[in-house]
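Visitor: Show me how the following folds:
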Amino acid sequence: MKPHRQKSLSLVCVFLLTGVVLAPGALGADATSAVLATVGERSITEAEIENQIKGQMLRLNNQIYSLKKQAVDSIINAHLQEQEAKKRGITRQQLRQQEVTDKTELVSDAEVEDYYNKNKARFGEKKLEEVQVQLKQSLQTRKQQQRQQAFAAELRKAATIDFKLTPPIVDVPTTGAPTKGPQNAPITLVEFSDYQ
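Guide: Just a heads-up that it's a prediction; the model follows:
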C-alpha cells in the first residue's frame, strides 16, 4: 500500500456484489505513464484513460479470474478423481459410475409433476405429458451434477490444496465516505449499492 494511503480507511476492500477481494493496483501503477497514442504533439497515457475504463476493466478482470478459477478447479477435480481411481484399482469411468451414477437417486414422477406445477409459466401452453420425458431427463442430469459436485468436495476435503490464484484487485478510495468502526481497522468492507 502507498504510504499516503496508510492513513486512509481502506486497506483491503471486498466487492460484495461479486465476492471479489479489492485492494490497490488494478491497472498497475508502473503502467499508468505508458503512452498509448499521440496526436500531433499530444500524448495520451494510460493514466488519462484509467478512470474512464476502470469499471469495465474490473468486470473483465473478474471474468478472467472466474474463468481461470473454473479451469483450475476442473483440473484439480480431475486429478483427485484420477488418484482415487488408481487407489481403488479402477478406471475414472468406473469411479464415476460408483460414486456419481449409482449414488444419484432417480427422479420420480412426483418430482417431475411438482417441478412442472411450480414452473408452469416456463412451459407456456405445453401440458405435463408433452414435456414429462425431457423434464425428467433434465432433472436427472441436475441431480447427477449435484452428486458430482458433492463427490468432488469429498475428495478435496481429504486433499492438500494450495490455491495460489488471487482475485483481481483495485484501489477503492473511501475518503469522505460514511464509515463505521475504527479508522485503523486491518480490513474494510465496502458496499456498492449501485456500482456501474
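
Visitor: top helix in the protein by residue count?
Guide: As assigned by DSSP state H, the longest helix anywhere in the chain is helix 46-88.

Visitor: That one - what's its average pLDDT?
Guide: What helix 46-88 shows for mean pLDDT is 93.

Visitor: Buried residues, the following helix or strand past it. List them.
Guide: Note on helix 46-88: by DSSP states H and E, the next helix or strand toward the C-terminus is helix 92-96. Neighbour-count burial for helix 92-96, with 16 or more other C-beta atoms under 10 Å as criterion, is recorded at L95, R96. Where C-beta positions appear, they are placed from N, C-alpha and C, glycine not excepted.

Visitor: List of residues touching the following helix or strand past helix 92-96?
Guide: Going down the chain from helix 92-96, the next helix or strand is helix 109-118, by DSSP H and E. The contact list for helix 109-118 (C-beta atoms under 8 Å, 6 or more residues apart in numbering) reads F123, L128, V131, Q132, L135, K136, L139.

Visitor: CA-only coordinates of whichever helix or strand comes after helix 109-118 in PDB, if you can.
Guide: Downstream of helix 109-118, the first helix or strand assigned by DSSP H and E is helix 120-123. Extracted in PDB, the C-alpha atoms of helix 120-123 (Å, rounded to 0.1, in the frame of the first residue of the first chain):
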ATOM      1  CA  LYS A 120     -45.800 -23.600 -15.400                       C
ATOM      2  CA  ALA A 121     -45.100 -20.200 -16.900                       C
ATOM      3  CA  ARG A 122     -41.900 -21.600 -18.400                       C
ATOM      4  CA  PHE A 123     -43.700 -24.200 -20.400                       C
END
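
Visitor: Spatially central residue in the chain, please.
Guide: Taking C-alpha atoms, centre = their mean, the centroid of the chain lies closest to S66, which sits 4.6 Å from it.

Visitor: Can you pull out the low-pLDDT segments for the protein?
Guide: Within the chain, the ranges that satisfy pLDDT under 70 run 1-32, 170, 192-196.

Visitor: number of nearby residues for F163?
Guide: 9 (other C-beta atoms under 10 Å).

Visitor: Next: the one 3 residues further on.
Guide: Close neighbours of T166, defined as other C-beta under 10 Å, add up to 9.

Visitor: again with Q148
Guide: Q148: 17 surrounding residues under other C-beta under 10 Å.

Visitor: separation between the residue nearest to the centre of the chain and L58?
Guide: Per C-beta to C-beta, to the nearest Å, S66 is found 12 Å from L58.

Visitor: next one: H79
Guide: 31 Å.
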